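Participant: Fold the following and give me the result.
(chains A, B and C)
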Amino acid sequence: MSVCNPNRMLLLKQPIRSWCMRRAIQTTSVTNKNLRAGQYKSTIHRTKPLTYEETQQPFKIGATKSWNSWNTSNLHEEGRASETTTEDMFIRKFMGGTWHRLLASEVIIKRRHNMIIIACLVFQAVPPRKMYFLSGYTEELLSTFLNCPVKVELQTVKDKKDIIFKYI
Amino acid sequence: MATSVNSTCRVLYLHVQNVSRCSSRPFCCSYRRTQQSSVSTERKADHGGTNTVETIIVPRRKKRDSLSILRALSSTVGKDFTAAHNRYLDDPFLIPVSIREKQTYTLSRASGKRAAKYMIENHSPLFQYSNEEPKVQAYQPPQTEYAHPEPSEDALMERIGMRRVIDAIEVYKNLRQSGEKLPLETQLRLLELLAVYNCTDPAPPPLPEETVYSQDAASQRIKLRKTWHTNSIVEELFEDLPEKTPAAYNIMTRGMAKYLDVDGAFGMHKEMLDKGIPVERETYHTLIPLVPYYTEKEKWETVMTLLKEMKERNFQANLATFNSILLSLSRMAAYPQSQKHAMKTLVEMQNCGIEPCLGSWYYIIQVFYYFEDRQSNILHDIVSEVEGKQFTVQDSSDMKFFSNAMMKCFRNLKDLDLAYRIDALLHTGNNIRFLNDAFSEQSYSWYFMQLLCMFETMDKIMEYYERIVPSMWTPAASGMGELLKAIELHDGFEHIPRIWSDVVMFDYMRSDSFTEPLFALMTKKTHPEELQSQFADIAEYMIGRWKQERVDEYTNPIQMTATNVSYIIILCLRSDRFESAWSMFQTYKQHDRMFSGILSDESLVALTNTCIEQKQPEKAIECLSVVGNLGLQNHKELAEKILTEMDLSESQKQHIDVLM
Amino acid sequence: MSVLHKKQAQTITDDQQDEEFRTFEIPGLKAKEERKKMRRRTKKVHPPRHLRMRTDQEWINVWPTASTFKWSAVPFPVRQGFVKTQTENEGVIPGKYANAELMKIPNFLHLTPGHIKKHCQAIKKFCTAWPRGLETDESCEKYFPLEVVESDYCVSGPSIRDPRARQVTVKVKLSKLDLDYHARDKMLRLVGNKYNHETDELTLTTDRCPLKKQNHDYAMYLLTALYHESWAREPWEAEKTEADMERYFWDQSKSKSGIISLLTRIKNIDKTSHSEPDARLIPYLPEDVTEETLLLLPELQTYKEAVEDLINEGENHTTVMNYKNSVKKLLNIKTPPS
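Facilitator: Residues are numbered from 1 along each chain as shown, chains lettered A, B, ... in the order given. So this is what the prediction gives:
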């Protein structure tokens, strides 16, 4: 919240008693969103870089941010929600470890029929043959672990500057 | 996404008017039987007079299997020429362009898969959880432990089933030592296993990425040699058989033939004939191709003898029979009669009503075009025969058809129309599958390109080039050389910048054996301004790259000859880029040990003239000194020119005098 | 310790040999030689392939199946993201390069109208024509009165099994079944709330067997059994009392016996006291008054219908008026002139 909010300045000009000991009623709809989750602390000189994903907080999912995990388990009367979520958690940890310091975005997991499609942005920090090695390894290992075809679809990004959205 | 597919079907409900119609339903029937005693049914078939039900003809469902619709949908998809092969990841950073990159990326991927398999094998308890239906065999970790660890007949059968040859041999030896009698069937199965795999464990099945790069020029040249283990456990087992059935003899013969123990195989065959043991048709299929290695003379006669034996046994010839005959002939291709025999075989095939597969055509091509100078129209006839047809894989030699056809088309026939027809055949339906490994693809495209460069106009060549390179095919350095020749022939200099960008991509500008002809071509004559400036850009790029690689301390930096340097200088000068030319000249002077050869006089003359034009006397004198050092002929003329055309100071004039 | 001494000893001896002072280096005075940075050789990235795409290419070749968004393969510019202020990404909505949001959303580049057209053309050969004679819903109902509803479920997961898929629903209109009054009444009693009065439809839903086929067979069996049972008359059905009656039947009611006795009495009165036809209470009564003759009287039939309607349908204006009129006619009650 910026200190230079003009409305707030006006409020400050009034005697304190009048604006903090006033009774009022809520006139707008109550939203019990957790507005404090996912908030990054801003720096004095505005040097902390944030990606688009980090800029949009969790309550913005569905509005200006999209889901990272796409499957049918949360639809009406559809099952297998817990297994799907646990598998997703495993996949994210696995990707984070296998592609060490190479992931430029969150891992996006899409499930289509019995396939799992893993998409992510990757830095061009290692030569392409190493990326092919990692992708072959990931696909084979996860396919055997999760018992369904797993495909890895990467998009590479030259360096960190390309994904920085905002400095905070 | 979840969809519930409601299949609402209206069934033609047979109005239950009488009992007989109802009897087709089993439940209904049984129900009626139990109720008959207590119930009196009083139904009447009254529906208001005659009930004429018009016949509604519901058409029969069109036959389709589980994959028909998918196949139909995939037939709508054509080829995208800008995309790399499906096995590569689709990202500019990750798409391979040069030959080395393509191979490296494919094999790295395979290597990653192997690493994963290693992990899975060593930690198989972690991969046991599987909750899917139906269970997918491919995703189960490999079974590492045997159900029967102790030597027994069951253990032996288990190992045979899992194709673990070495373990099977061990179990068998244990059983033999302990004196346990095995039934004949088990022994025969073990014999079969050992014969098929030649007493060694089979190699793990290659991954698809590995098969793509399994062949290369070296493997094509490997000579066939005997690998059968003589006096090994197989033969011991064969001797120990309680009863030597015909099956056992056939297995042994086929095993020996597979591993090229020619004498052993034919010895077995003779033994079988002497003892009157029936020889099976498949055994003949393995013996016939070995005849060229067995006898030195009368090869065809021996083949005919074997065929006669087959006829006596009333065997029906099938595609495999004819393919074996043709394979035998392709091994005898050096003899002139082989062509005649091949034609006869084809006629025989036609008479039997057997359609030749692509492999059969491959063998025939091998026979007819064995020597480079052999001319024949057979390839034309073959292509006319198979045009427009879609083939399925029936023989392992099918894969060799297209690359060989194109090779013979180029080497022997030099016929471009035929090449176009072969290309059309390749792109019919799914026939592109027959060009599945990198080596065949490379040789096919290479020969096709050579033909195009020879006979086609520049536009057509470039059209094909743009389409194929680099997504489908990366030309080798020699391939680019052919292209340059074509450019020279057809005066297609405007395409050089495009080709240069590809050359940079494929990393061919490292070798001066390639860049020298290219630069020579570029400097051959003057071109319009825009093109000339593009050439100058190329020259500058070359200079920059050379310098950069030395600054970055590459282990194998670009090598340039002095002739190359002279071409570069000329190109720069033609586009009025004096600074670049001069910097190149300076670089040459500084590091002249790194450049083999000497600068050409043409370049030095041009440089000097430009110095004169630019009114730079110091530089002109520098050039002159180099000319003098190299001992070129134009020394004096240049000196005079400098003296006359330029305003020089006294010291400079003296300098020139010294140089002269 | 001994090593240190050794070193010190060595330097002292060196010094004595050099006969020079060691130079004192002031840190920071002399610029140190910069060590050459190990510049990582980055692979040159080629231009994206959409630059090489022709404008008249077939999009179906480029994007045949559902795939994550690939910025280098998509030839048009597209942006996704929300930018609140000028500070965010310089006020520009992020483009397609390095945009994870575009990768997240499902794109339909594999189902453009061109795709659909080609797919339909390819699949057409598996289709058969709609049967002639079944153009309208009514004709479908006429020739195919039985409706079977089965569902298959498609879920994103490694298993193809779904317990919901075994359910089978069978629907039929009772008017299509051959039922007489008793059979229909019995059927309705057997079936209970599975019958929809408004649409005259009987719905049987089965899921008690593990397989769809078994449930289908069971549903057919159930329907057949219901049909036969509803036609069968059990001996105990004869014990049906008035309380079990589904409708009011005047023929079996007290009203009938009451009216008949009333009319008989009136006839007797007429016979004895009023001999002139004009003076009779109910003139239309026949001479021979028995139950059969009375039942033939149209006035009685009208009364019967009115009473049945009144009780079966309930009291509304029509039924009450009908009843009033029928009673007046029956008992020859005339409204007195005003």
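Participant: Could you check the chain and say which of its helices or strands has the lowest average pLDDT?
Facilitator: The chain I'm using is chain A. helix A:6-13 (a mean of 55; mean pLDDT, DSSP states H and E).
Participant: can you map out the helices along chain A?
Facilitator: With DSSP state H as the criterion, chain A has helices at A:6-13, A:16-20, A:52-55, A:81-98, A:128-146.
Participant: Of those helices, which is nearest C:S273?
Facilitator: Taking C-beta to C-beta, helix A:81-98 is the member of those nearest to C:S273, at 91.1 Å. The way it works is simple: take the backbone N, C-alpha and C, and place the C-beta from them, glycine included.
Participant: got the helices of chain A as a markdown table, with mean neighbour count and distance to C:V155 columns?
Facilitator: Formatted as a markdown table, these follow (neighbours: other C-beta atoms under 10 Å in any protein chain shown; distance: least, C-beta to C-beta, whole Å):
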| stretch | mean neighbour count | distance to C:V155 |
| --- | --- | --- |
| helix A:6-13 | 10 | 51 |
| helix A:16-20 | 9 | 55 |
| helix A:52-55 | 20 | 28 |
| helix A:81-98 | 15 | 10 |
| helix A:128-146 | 22 | 15 |
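Participant: Now do the contacts for the residue in chain A positioned nearest to chain B.
Facilitator: The nearest approach of chain A to chain B comes at A:G136, 2.9 Å away (C-beta to the nearest C-beta). By C-beta atoms under 8 Å, 6 or more residues apart in numbering or on different chains, the contact set of A:G136 is B:108-113, B:115-116, B:209.
Participant: same thing but 6 Å
Facilitator: B:109, B:112-113 (C-beta atoms under 6 Å, 6 or more residues apart in numbering or on different chains).
Participant: now swap in B:V605 and tell me
Facilitator: With the criterion set at C-beta under 6 Å, 6+ apart, B:V605 makes contact with B:N634.
Participant: I'd like the distance between it and C:R189.
Facilitator: Remark: distance between B:V605 and C:R189 (C-beta to C-beta, to the nearest Å) = 119 Å.
Participant: Report how many residues lie close to the closest residue to chain A within the stretch 151-300 of chain C.
Facilitator: Residue nearest to chain A within the stretch 151-300 of chain C: C:S156 (3.7 Å; C-beta to the nearest C-beta). Neighbourhood size, C:S156 [other C-beta atoms under 10 Å in any protein chain shown]: 22.
Participant: quick one, phi psi at it?
Facilitator: phi -80, psi 100 (degrees, to the nearest 10).
Participant: Now do it against chain B, distance only.
Facilitator: 7 Å (C-beta to the nearest C-beta, to the nearest Å).
Participant: hey, what's the residue nearest to that residue when sequence neighbours are not counted bridged with?
Facilitator: Take C:S156 and drop its neighbours on the chain: the residue closest to it by C-beta to C-beta, 6 or more residues apart in numbering or on different chains is A:R111, 3.7 Å away. Bridge pairing for A:R111 (DSSP bridges) gives the partners A:I116.
Participant: From B:Y129, how far off is A:R111?
Facilitator: The gap separating A:R111 from B:Y129 is 18 Å, by C-beta to C-beta.
Participant: Kindly report the same for B:Y541.
Facilitator: 57 Å.
Participant: quick one, which of these two is more surrounded?
Facilitator: B:Y541 (14 against 9).
Participant: need the contact list for A:F59.
Facilitator: Shown in contact with A:F59 (C-beta under 6 Å, 6+ apart): A:K33.
Participant: Is any residue of the helix or strand harbouring B:Q548 near chain C?
Facilitator: Remark: B:Q548 resides in helix B:529-551, with elements defined by DSSP states H and E. No: against chain C, helix B:529-551 shows no contacts by C-beta under 6 Å from any C-beta of the partner chain, the least distance being 9.0 Å.
Participant: Give me the helices and strands touching that helix, please.
Facilitator: Counting by 3 or more C-beta pairs under 6 Å, 6 or more residues apart in numbering or on different chains; DSSP states H and E, the packing neighbours recorded for helix B:529-551 are helix B:562-574.
Participant: who in chain B is up against chain A?
Facilitator: Residues of chain B lying near chain A (C-beta under 6 Å from any C-beta): B:1-2, B:89, B:91, B:93-94, B:104-105, B:108-109, B:111-113, B:115-116, B:120, B:127, B:130, B:132, B:139.
Participant: Report the buried members of these.
Facilitator: Buried by 16 or more other C-beta atoms under 10 Å in any protein chain shown: B:2, B:89, B:91, B:93-94, B:104-105, B:108-109, B:111-113, B:115-116, B:120, B:127, B:130, B:132, B:139, out of the residues of chain B next to chain A.
Participant: A:S42 is nearest to which of the helices of chain A?
Facilitator: Proximity to A:S42 (C-beta to C-beta) singles out helix A:52-55 among the helices of chain A, at 11.7 Å.
Participant: How far off centre is the closest one?
Facilitator: 7 Å (C-alpha atoms, centre = their mean, to the nearest Å).
Participant: Over to stretch B:212-222?
Facilitator: That offset, for stretch B:212-222, works out to 10 Å (C-alpha atoms, centre = their mean).
Participant: avg pLDDT for that stretch?
Facilitator: If you average the pLDDT over stretch B:212-222, you get 74.
Participant: Which residues does that stretch contact?
Facilitator: If you take C-beta under 6 Å, 6+ apart as the criterion, stretch B:212-222 is touched by B:103, B:106, B:437-439.
Participant: Near chain C, which residues of chain A are found?
Facilitator: A:52, A:64, A:66, A:71-72, A:80, A:105, A:108, A:111, A:114, A:119, A:121, A:147-148, A:153, A:157, A:162-163, A:165-166.
Participant: from the residues you listed, which ones fall inside strands?
Facilitator: Assignment to strands by DSSP state E places the following of these there: A:108, A:111, A:119, A:121, A:153, A:157, A:165-166.
Participant: tell me the contacts of A:F123?
Facilitator: A:102, A:104, A:157.
Participant: if you set the cut-off to 10 Å instead, what comes out?
Facilitator: Counting by C-beta atoms under 10 Å, 6 or more residues apart in numbering or on different chains, A:F123 makes contact with A:99, A:101-104, A:156-160, A:162-163, B:93.
Participant: Per-residue pLDDT of it, please?
Facilitator: A:F123 is given a pLDDT of 96.
Participant: Could you check how far it is from A:A104?
Facilitator: From A:F123 across to A:A104, the span is 5 Å (C-beta to C-beta).
Participant: which residues do those two both contact?
Facilitator: Residues touching both A:F123 and A:A104 (C-beta under 10 Å, 6+ apart) are A:156-160, A:162-163.
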